[in-house]
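Trainee: Return atomic coordinates for the entry below.
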Amino acid sequence: MARITYITPDGERHEVEVEKGYSVMEGAINNDIAGIVAECGGACACATCHSYVDGAWLDKMPAMDDMEDSMLDAAFERKDNSRLTCQIEVNDELDGLIIHVADNEY
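Mentor: The predicted structure follows:
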């Protein structure tokens with residue numbers, strides 16, 4: 001299990017345990033985190049799980065593939081630290097990860 005903190009657009013913090021092997025998106029859905037819509041169910045086809053990785057964690061993220069990069073072009077307010085949470089697999093190295101949920105309900 002890894003401890004992940006999700007900070008919703010309204011500033012509310014949710015610290016939850018997410019099982020290794022799940023995606024950060026699945027961790028949000030399983031813990032009712034507001035703002036992670038995940039319309040495509042994690043297929044990297046909608047960008048409704050768009051979030052911002054806290055700056056302290058950027059170097060620890062797995063590399064973004066071309067599909068995720070392309071899908072993020074459709075995300076609202078893409079930034080340098082934007083990621084699709086469906087594409088980040090939880091592992092021991094991500095224990096303590098902080099995710100800022102983007103406004104995915106526009």
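
Trainee: Please enumerate the strands of this structure.
Mentor: For the chain, the strands defined by DSSP state E cover 2-7, 13-18, 50-53, 82-84, 97-101.

Trainee: got those as CSV, with mean neighbour count columns?
Mentor: To be clear about C-beta, it is placed using only N, CA and C from the backbone, and glycine gets the same treatment. Converted to CSV, those look like this (neighbours: other CB atoms under 10 Å):
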stretch, mean neighbour count
strand 2-7, 19
strand 13-18, 15
strand 50-53, 24
strand 82-84, 25
strand 97-101, 22
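
Trainee: what's the distance between the spatially most central residue of the chain and Asp65?
Mentor: Centroid check for the chain by CA atoms, centre = their mean gives Thr85 as the closest residue, at 2.8 Å. Thr85 is 14 Å from Asp65, where distance means CB to CB, to the nearest Å.

Trainee: And for Glu19?
Mentor: Distance of Glu19 to Asp65, computed by CB to CB: 23 Å.

Trainee: Next, count neighbours for the closest residue to Ala43 other than its chain neighbours.
Mentor: Spatial nearest neighbour of Ala43, chain neighbours left out: Cys86 (7.4 Å); criterion: CB to CB, 6 or more residues apart in numbering. If you count neighbours by other CB atoms under 10 Å, Cys86 ends up with 27.

Trainee: His14 contacts Gly27, doesn't it?
Mentor: No: using CB atoms under 8 Å, His14 is not in contact with Gly27, being 10.0 Å away.

Trainee: Overlap in contacts, these two.
Mentor: By CB atoms under 8 Å, 6 or more residues apart in numbering, His14 and Gly27 have these common neighbours: 6, 33.
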